[in-house]
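Asker: test case, fold it:
(chains A and B, ligands or ions: 2)
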Amino acid sequence: MTDNGRYAVIGKPLPKVDAASRVTGQAVYADDMLLPRTLHCRILRSPHPHARIVSIDTSAARRMPGVHAVITGADLPIKFGILPVTQDERALEHEKVRYVGDPIAAVAATDEEIAAAACDAIAVEYQVLEPVMSIDAALGRPKDERIQDYGGPNNIHKLVALEFGDVDGGFARADHVREDVFFFQGNTHLPMEQHSAVATYIDGKVTLWSSTQVVHYVHRALAKVLELPMNRIRVIGAAHGGGFGGKTDPFAHEIIVAKLAMITGRPVKCTLTREEVFYAHRGRHPVLMWVRTGVTSDGRITAMHFKSALDGGAYGSYGVASTFYTGALQTVTYDIPAYRFEGCRVFTNKPPCGPKRGHGTPQPRFAIELHLEKIARDLGIDPVEMKRANFVKPMTRTVNWMRVTSCGLEECTELVMKASGYRERERRSGRGMGFAISSYLSGAGTAIYWNDMPHSEVQIKVDRGGVTAYCGAMDIGQGSDSVLAAVVAEELGLQPKDIRLVTADTDTTPIDLGSYSSRVTFMAGNAALEAARKMRALLVEAVEASGRKYEEVSFEEASVLAEARFGTLTTAGSYTPPKIAGPYKGSGVGPSPAYSYSACVVDLDADPRTGLIHLNKVWIAHDVGRAINPLLVEGQVEGSVYMGLGEALMEEQTFRKGLHKWPSMLEYKSPTFLDMPDVETFIVETNDPEGPYGAKEAGQGPLLPVIPAVNAAVFDALGIWVDEVPVTPEKIVEALRRRDKGEPPRYGPQRFPEIPYPPTIKVDPPPRDLDRAAAASI
Amino acid sequence: MVALEVNGERTELLLPVHKTLLEVLREDMQLTGTKHGCELGECGTCTVLVDGKPELSCLLLPIQIEGRAVTTVEGLASGSRLHPLQQAFAELGAAQCGYCTPGILLASKSLLDTNQRPTRDEIREALAGNLCRCTGYMKILEAIELAAERMSTHSPSPLAGKEGMGRISDR
Ligand code: FES
Ligand code: FES
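Answerer: Ligands and ions are numbered 1, 2, ... in the order given. Below you'll find the predicted structure:
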């Protein structure tokens, strides 16, 4: 299956290039920076979920000793947002607040305590408005006023209705049609590092160090709001303490410290408290889902209709993309010949939701995996075999125009089935195993700002035997620096530790769009490959011109010969994804140059008296295309399994009377060492035709199958369906109680609301076979 | 005036009484290897050793530990030679973002100092108060087991001593 023998570095389980600094405390995270004369910033936030701001009086705060600057929304009135279509946020609000935690004013002072006291001294007069706290409430007429002044009707943000192929015909052909409703509760990233940013303003230039995943988009937002040309702003990614999607938006505090540095002429630092991190959020959307599928009597899907309603929180964030994602990837695992998707995102008075590991796809994945389980049971056929019979094939296009190249679903399924002994599992009440599969993008095929420029660029410099690679990619702990070093080292015949790296700095590195949508290995990896191969060609040419063979000389000698021959040795490579989006509005969300695939089995014990679940073991197989570094791939897979188990069993972000119920690490439950079962990981290598050395993503996809596998295992153990995430003991006990009363053995939502979807846009499906499709459209 | 002994060095500091050990280490002593995730005693990230026992530095005041020996992550390595736990964490990928790592290293050191070859469940128990969001804990467990094995058999790390520029002929 593998041809790793060909490579000296690729495929080797090497330690990360920055491992030593991470285990010695030497890595410098944003909050570790303390520049001379640093001022500390605290932010005043709204105590109301929904209110008009009548007045803000900062005079008392300004008079306090140690306070150097106080700013409000009037100082930063320009709106920003990650997506060009939803520029709806202000760094500080001076007109209206939309969730508890919305920033209103900021103070820079000689220490944090003074800054906090000054925030307390700011008097804000509010006109309190009725908060909108649920999907149902947002769909109805607002009591006072709408949360945002765009979108609509009522508090609807976005509506989508798309149809691919003949859906009615597909249902007419079906021998069996089933409908189900599911709910996935929202949850948050909970990175261990609280967001932090430090800014300076020197020689008319702003420099910002931040714990961000996207230096480029922070750069854009700063330029817009501060009204400075991009060349007067430098954004540097500090050592990163975990993101998971939670540091993928430009944030208010990043803009605020830059503005305060410009005003005071001193470095300004802001580190969010843990409570503020819960308000910054951008986490998993709560999503209510309805799905209807038609199948033949032997379980082949004839049509699917999927509806989603996303509780977006107060602002747009990535929400338009999140909405499309809830409908985009159903088709890249199962061959669905006709497909209708209706999506809706609403505004509510809660912290804005956005992208969390799997962005918009774990919720529908959870729904369709359980839905197909139920259909198989209706038909009396084995769920695993039924799913398998519907698996997409490699080198095809889906009905909604997603281009599937390599696909290891079969191999992944086989591996976890065998290793877990799923088929031969012991049948006893209280013990269960569940199976599920999934797929995820290796980077979005279209950029957030549509243009024809590359998505990732790498430069390599060689001098006097030293190699430096420059790339905008941000290492957020996943090891993107190590991937860059591995690729360059492989091509030049060196080891990763021989490569110096300069990354995530908008002044010194060429662009990479950032660490989101699992794009870095694929895109920066391809850019690095191109730059490194060009460099190798220069070195080879120079060595051969001296009458020797490249393999016979040391790298130092080769570099001296090449520098003498060509002068400064620099090469560049870039990556632009192929144009593969379909011919319809919204087609930009979902296409990826390659999809990863995963399969998972969860083994658990569920106690019917208490509803408590004990996880026994998880088996997971992940088609990563090629493991550039299997140690890091395993780490990503295990981390994904962990995060999936947390979402499946305990993590939830909920509200009471407009207030976050548990904005602390103690109350927001996440798995500890004691909760985490052993995980057996299998890496499947399908050698993707376009990935660097065949590689695809590993950071997000493996989270997806874990959640439905847990719910399926609970059914296997107790014979009840919990059609909601998380599966808490109370829900299990309630479902058992209903079963004992003779009601359906199920806990979950009963209905999907009426939503005023627009007329459906009908899209003709593409030719299925990729070669013909490719010829027709690329 | 408070006298603190950190990583074997004695320092006298003039401090406001309510300043936590975490803040003093990071802000007054520039020992920023000690991290924080909550500052409320909930996450374990700020763990340091006090007389060899793991303590949450965000909940301690310097006057409470006057005269006792504090160890932070900066005190783990001997010069530039990594502690076997640090070495194993680096080799096995037990530090992804590395933010939880200092606290987990110190809690593990305290465990191995009292229990040379802990079982996996004993390690889980000892680290139950330390959250990590990146690794899923698996590689951390493996790294602690590897370090325990090496420390009890004194086998040197296979990676130690490999240095220098690779060769083209490596290919
Ligand atoms: S910082 Fe979280 S326990 Fe101390
Ligand atoms: S390695 Fe990132 S939190 Fe543990």
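Asker: please make it C-alpha for all contacts and neighbour counts, starting now.
Answerer: Will do.
Asker: so the residue lying farthest from the centre of chain A versus A:E557, what's the distance?
Answerer: Most distant from the centre of chain A: A:G547, at 51.3 Å, with distances by C-alpha atoms, centre = their mean. Distance of A:G547 to A:E557, computed by C-alpha to C-alpha, to the nearest Å: 13 Å.
Asker: can you list the weak-confidence ranges in chain B?
Answerer: B:154-171 (pLDDT under 70).
Asker: could you look up the SS state of the residue farthest from the centre of chain A?
Answerer: coil (DSSP: H, G, I helix; E, B strand; the rest coil).
Asker: quick one: it from A:V553, how far?
Answerer: 11 Å.
Asker: A:H240 too?
Answerer: Applying C-alpha to C-alpha to A:H240 and A:V553 gives a distance of 39 Å.
Asker: check B:L112 too.
Answerer: 47 Å.
Asker: same check, this time on A:V641
Answerer: For A:V641 relative to A:V553 (C-alpha to C-alpha), the value is 46 Å.
Asker: out of A:H240 and A:V553, which sits in the more crowded spot?
Answerer: Taking other C-alpha atoms under 10 Å in any protein chain shown, A:H240 and A:V553 do not tie; A:H240 has more neighbours (28 against 15).
Asker: OK, contacts around residue 63?
Answerer: In the absence of a named chain, chain A is used. By C-alpha atoms under 8 Å, 6 or more residues apart in numbering or on different chains, the contact list for A:R63 is empty.
Asker: correction: the question concerned chain B.
Answerer: With C-alpha under 8 Å, 6+ apart, B:I63 has these contacts: B:2, B:17.
Asker: quick one: it is in a strand?
Answerer: No: B:I63 is assigned helix when assessed by three-state DSSP, not a strand.
Asker: could you check how far it is from A:M417?
Answerer: For B:I63 relative to A:M417 (C-alpha to C-alpha), the value is 58 Å.
Asker: got the contact list for the residue nearest to the spatial centre of chain A?
Answerer: In chain A, the centroid-proximal residue (C-alpha atoms, centre = their mean) is A:R357; its distance is 3.6 Å. When contacts are counted by C-alpha under 8 Å, 6+ apart, A:R357 touches A:244-245, A:699-700, A:703.
Asker: do the same with A:A695
Answerer: Residues counted as contacts of A:A695 (C-alpha under 8 Å, 6+ apart) are A:521-522, A:624-628, A:687-688.
Asker: and if you look at A:M523?
Answerer: A:443, A:455-456, A:575-577.
Asker: do that again at 6 Å, thanks
Answerer: Neighbouring residues of A:M523 by C-alpha atoms under 6 Å, 6 or more residues apart in numbering or on different chains: A:456, A:575.
Asker: does it sit in a helix, a strand or a coil?
Answerer: Applying three-state DSSP to A:M523 yields a three-state assignment of helix.
Asker: distance check, it against A:S211.
Answerer: Between A:M523 and A:S211 the computed distance is 22 Å (C-alpha to C-alpha).
Asker: just how off-centre is the longest helix along chain B within its chain?
Answerer: For chain B, the helix that runs over the most residues, judged by DSSP state H, is helix B:138-153. Distance of helix B:138-153 from its chain centroid, counting by C-alpha atoms, centre = their mean, to the nearest Å, is 14 Å.
Asker: what of stretch A:575-586?
Answerer: Worked out by C-alpha atoms, centre = their mean, stretch A:575-586 lies 20 Å from the chain centre.
Asker: residues in contact with residue 50?
Answerer: Since no chain was named, I'll use chain A. So A:H50 contacts A:97-99, A:129, A:131 (C-alpha under 6 Å, 6+ apart).
Asker: my question was about chain B, not that one.
Answerer: Taking C-alpha under 6 Å, 6+ apart, one finds B:69-70 in contact with B:V50.
Asker: what's opposite it in the beta bridge?
Answerer: Per DSSP bridges, the residues bridged to B:V50 are B:K53, B:V70.
Asker: so A:D512 touches A:V458, yeah?
Answerer: No: between A:D512 and A:V458 there is no contact under C-alpha atoms under 6 Å: 8.3 Å.
Asker: which residue does chain A bring closest to ligand 1?
Answerer: With C-alpha to the nearest ligand atom as the measure, A:M665 is the residue of chain A nearest to ligand 1, at 8.2 Å.
Asker: counting neighbours, what do you get for that residue?
Answerer: Around A:M665 there are 20 residues (other C-alpha under 10 Å).
Asker: quick one: the closest residue to it other than its chain neighbours and A:L666, what's the gap?
Answerer: Excluding its sequence neighbours, the residue lying closest to A:M665 (C-alpha to C-alpha, 6 or more residues apart in numbering or on different chains) is B:E42, at 5.9 Å. According to C-alpha to C-alpha, B:E42 and A:L666 sit 5 Å apart.
Asker: who has more neighbours, those two?
Answerer: B:E42 (19 against 13).
Asker: and the gap between that one and ligand 2?
Answerer: Note on B:E42: its distance to ligand 2, by C-alpha to the nearest ligand atom, to the nearest Å, is 14 Å.
Asker: same check on A:G434?
Answerer: On the measure of C-alpha to the nearest ligand atom, A:G434 and ligand 2 end up 28 Å apart.
Asker: for B:S80, same thing?
Answerer: 22 Å.
Asker: then B:I65?
Answerer: For B:I65, the distance to ligand 2 - C-alpha to the nearest ligand atom - is 28 Å.
Asker: same deal with A:S134?
Answerer: Relative to ligand 2, A:S134 is positioned 32 Å away (criterion: C-alpha to the nearest ligand atom).
Asker: could you report the pLDDT at that residue?
Answerer: Here the pLDDT value assigned to A:S134 is 97.
Asker: can you list the domains in chain A?
Answerer: Listed by automatic domain parsing, the domain ranges of chain A are A:35-129+A:192-242+A:247-280, A:287-381+A:409-446+A:584-761, A:453-575.
Asker: A:R178 is nearest to which of those?
Answerer: Closest to A:R178 of those is domain A:287-381+A:409-446+A:584-761 (C-alpha to C-alpha; 5.5 Å).
Asker: what about that closest one, distance to the chain center?
Answerer: On C-alpha atoms, centre = their mean, the centre of domain A:287-381+A:409-446+A:584-761 falls 14 Å from that of its chain.
Asker: I'd say A:H622 and A:T686 touch.
Answerer: No: using C-alpha under 6 Å, A:H622 is not in contact with A:T686; the gap is 10.2 Å.
Asker: between these two, which one's more packed in?
Answerer: A:H622 (32 against 23).
Asker: could you measure from the residue lying closest to that one once chain neighbours are set aside over to A:V520?
Answerer: Distance criterion C-alpha to C-alpha, 6+ apart; nearest residue to A:H622, sequence neighbours excluded, is A:S598 at 4.3 Å. Per C-alpha to C-alpha, A:S598 is found 19 Å from A:V520.
Asker: between the two, which has more neighbouring residues?
Answerer: A:S598 (34 against 30).
Asker: elements contacting the strand or helix carrying that one?
Answerer: Here A:S598 is covered by strand A:595-606, with elements defined by DSSP states H and E. Packing contacts for strand A:595-606, counted by 3 or more C-alpha pairs under 6 Å, 6 or more residues apart in numbering or on different chains; DSSP states H and E, involve helix A:409-420, strand A:431-441, strand A:613-623.
Asker: can we see that at 7 Å?
Answerer: helix A:409-420, strand A:431-441, strand A:613-623, helix A:706-718 (3 or more C-alpha pairs under 7 Å, 6 or more residues apart in numbering or on different chains; DSSP states H and E).
Asker: buried stuff in the third one?
Answerer: It refers to strand A:613-623. For strand A:613-623, the buried set under the neighbour-count rule, 16 or more other C-alpha atoms under 10 Å in any protein chain shown, comprises A:613, A:615-623.
Asker: count of residues packed around A:G421?
Answerer: A:G421: 12 surrounding residues under other C-alpha under 10 Å.
Asker: which pLDDT value goes with it?
Answerer: pLDDT, the model's per-residue confidence, is 98 for A:G421.
Asker: now A:V462
Answerer: At A:V462, the pLDDT recorded in the model is 98.
Asker: run a quick neighbour tally on it.
Answerer: 21.
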